[in-house]
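> Just need the structure, nothing else, for what follows:
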Amino acid sequence: MKPITGRIVKIDIVRREDMIKMLIGLLLLICGAFGCSSMEEKIQPATELDLLQTIVDQNRTLTSFNSELPFEATYPFNGESTELSDQQLERLRITENEDQMMSKEETLEDIDLLHRTWKYSYAMYSWHGGDEAFNQAHTNLTETIDQEYSDEDEITGDELAEHLCDHYGFLTDPHVQIGGSSVVISEHDFYTTEELEFILDENGDYWLHKSDELLDKLVAINGAPDVEDFLVPSLNNDGKLVYYLGYYTSEPVTNPWSLEFESKDDREVFVRRVGFDYLSDRSFNMYEKDEVDVVQFRNMTVYEDDSHTYEDMLESAQELKDSPYFILDLRNNGSDNVDFVAKWYEEMFDQEAGLGEYLVQLSTTTNDVFLEETVKLYDEEGALIEQSLHHVDEDEENERREPNWYIENKDLTSIDDNDTPIFVLIDQGTSSAAERMTKQLKQVNQVYVVGVPSAGALSSSRSLNFELPNSQIRMSVPSEFSYHPRLMEKEGVGIEPDLWIYPRFAKNRVIAWIENHY
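Numbering: from 1, shown residues only. As a prediction, this is how the structure comes out:
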């Protein structure tokens, strides 16, 4: 039986055979020096650091790329291009009107106005097919409304929002939101179980492990001898590096899994999908747990009612410089504040952040209006946006407001002399700026990413808001994106961790690991 129907999605992880070959020589040398007299002694705690480092090294694949920005990333545009009229833009401003029933004519009017808006608001318009794709979506959507509704029918905003999400579902960009919902739903899930625990030996074999004893060698999973395809590195409650059954896939996984052992004592095990844990604690906090420093960012935007400031958040970087090790908790962080991420990184490492990508911003008269509306929304919510941008050069910002494309090629920033082990906690709610922060930190030595794959919203940013006039559907559309081939591959997939752990257990297990090794 082979119940897996999907494909493994581990873009950043090189097959573990390569990793194992690298370890064999080192582990044999250690065993020869210290004497590994029994099976239980094959994996000594001292070798766990080497094994973790090898896992991390194989999971760091972001490099500079020597190519121009692809032609499909932008379209010809300058200040002379014809955008929406002033009257149309005024109608797209955000109101406090409640949802109301629409006629078919009003529904089609909203659809037509949105169609004209995409090209001058969405930075990834060309990347997602440009005129051809958006024209086709508009045509199909119009036909759907014509076929499903008569001229006498009334249509709700919720109904229209569903139709919009259906027809613009080709946008694999989690930042595009229609009526508060993303047009794309993640198709990837992580399935796992901690019922059985495995240890990797110096020969590259995986052994069933219990109470510090190696019980039986695993030889096949679901009939496949490449058992490493169905195992993920993790930490147990004692802070030991172990392997659990785990599979990250875009297809449903069926149960049970069949496990074949060398002793022929085969088993069947059930795996389950890891769900999302909502965390309701403070948006920013810095504290100590079991003598380990923890800095927690649930959000990177500060609000009027918060007891902390942007300065407090930035100062955490300076304070952590003196820590022997620390945990950076980015779980449930969906913030879009990329400016704060860049500044915090610079404060922490005295070096400018960069992922070797092209930063592409679409500056239009249309987006100027939507920026005004977005600032108003943040003000109404009590968000202190102006303070978050205090480090941005004002002249540079004014220059970028001229209608045009603004493209900047950033260098890849890597650090190999960091003396402070940093453990970054992520989950399915780690998105946007927090993902960029994670990706940037992965270019720093002694940084370990722990948890489950993130949301996969890495490419676009700086979402702006507007409202369709008849339906009052709130739209949120990114005005900027980052182009890097590896980042594009992660869109909708997410950043995969070095150590795969249920997010709710991650912090305590990392602390146990720290107690064992530092």
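> And Glu489, which helix or strand is it part of?
If you go by DSSP states H and E, Glu489 is part of helix 485-490.
> which helices and strands does the next helix or strand after that helix pack with?
Using DSSP H and E, the helix or strand that follows helix 485-490 in sequence is strand 499-500. The helices and strands touching strand 499-500, judged by 3 or more CB pairs under 8 Å, 6 or more residues apart in numbering; DSSP states H and E, are strand 231-235, strand 241-249, strand 447-451. Heads up, the C-betas are built off the backbone N, CA and C, glycines and all.
> Might you calculate how far the longest one sits from the centre of the chain?
Meaning strand 241-249. 19 Å (CA atoms, centre = their mean, to the nearest Å).
> List the neighbouring strands of the next helix or strand after that strand plus their orientation.
With elements assigned by DSSP H and E, the helix or strand that comes after strand 241-249 is strand 257-261. Sheet pairing for strand 257-261, assigned by DSSP bridges, gives strand 213-221 (antiparallel), strand 267-269 (antiparallel).
> Now render the ones you listed as a markdown table, adding mean pLDDT and mean neighbour count.
A markdown table is the format used below for those (pLDDT from 0 to 100; neighbours: other CB atoms under 10 Å):
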| stretch | mean pLDDT | mean neighbour count |
| --- | --- | --- |
| strand 213-221 | 94 | 18 |
| strand 267-269 | 96 | 13 |
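> which residues does Lys217 bridge with?
For Lys217, the beta-bridge partners under DSSP bridges are Trp207.
> I figured it hits His209, correct?
No. Assessed by CB atoms under 8 Å, Lys217 is found out of contact with His209, at 10.9 Å.
> Am I right that Ser459 is in contact with Ala123?
No. Checked against CB under 8 Å, the pair Ser459 and Ala123 is beyond contact range at 9.5 Å.
> what sits in contact with each of these two?
Shared contacts of Ser459 and Ala123 (CB atoms under 8 Å, 6 or more residues apart in numbering): Phe481.
> now the helices: where do they sit in the stretch 301-450 of the chain?
Counting by DSSP state H, counting those that start in this stretch, the stretch 301-450 of the chain has these helices, from start to end: 310-320, 338-349, 365-381, 385-388, 394-399, 433-441.
> For my notes, please list the ones you listed in JSON lines and give mean neighbour count and mean pLDDT for each entry.
As requested, those are exported to JSON lines (neighbours: other CB atoms under 10 Å; pLDDT from 0 to 100):
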{"stretch": "helix 310-320", "mean neighbour count": "17", "mean pLDDT": "95"}
{"stretch": "helix 338-349", "mean neighbour count": "20", "mean pLDDT": "94"}
{"stretch": "helix 365-381", "mean neighbour count": "17", "mean pLDDT": "93"}
{"stretch": "helix 385-388", "mean neighbour count": "14", "mean pLDDT": "65"}
{"stretch": "helix 394-399", "mean neighbour count": "9", "mean pLDDT": "47"}
{"stretch": "helix 433-441", "mean neighbour count": "25", "mean pLDDT": "95"}
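> Please name whichever of these is nearest to Glu90.
helix 365-381 (8.1 Å; CB to CB).
> gap between the closest one and the chain center?
Relative to its chain's centre, helix 365-381 lies at 25 Å (CA atoms, centre = their mean).
> do stretch 449-456 as well
The answer for stretch 449-456 is 7 Å, by CA atoms, centre = their mean.
> With stretch 90-110 instead?
33 Å.
> I'd like to know how far the closest residue to Arg60 other than its chain neighbours sits from Gln428.
Nearest residue to Arg60 in three dimensions, chain neighbours excluded: Lys442, at 5.8 Å (CB to CB, 6 or more residues apart in numbering). Separation of Lys442 from Gln428 (CB to CB, to the nearest Å): 18 Å.
> Can you give me the end-to-end span of stretch 227-238?
Start and end residues of stretch 227-238 are separated by 24 Å (CA to CA, to the nearest Å).
> Flag every buried residue along it.
Residues 227-228, 230-236 are the ones in stretch 227-238 that count as buried (16 or more other CB atoms under 10 Å).
> So of these, which two are at opposite extremes in space?
Greatest spatial distance in the buried residues of stretch 227-238: Val227 and Leu235, 19.7 Å, computed using CB to CB.
> quick one on the thing from earlier: for the helices of the stretch 301-450 of the chain, which one sits closest to Trp405?
Closest among the helices of the stretch 301-450 of the chain, using CB to CB: helix 365-381, at 11.8 Å.
> Point out the other helices and strands that the closest one packs with.
Short answer (3+ CB pairs under 8 Å, 6+ apart): helix 365-381 packs on helix 86-91, helix 104-121, helix 385-388, strand 460-467, strand 474-483.
> angle of the fourth one against helix 104-121?
Following axes from the mean of the first three to the mean of the last three CA atoms, to 10 degrees, one obtains 150 degrees for the angle between strand 460-467 and helix 104-121.
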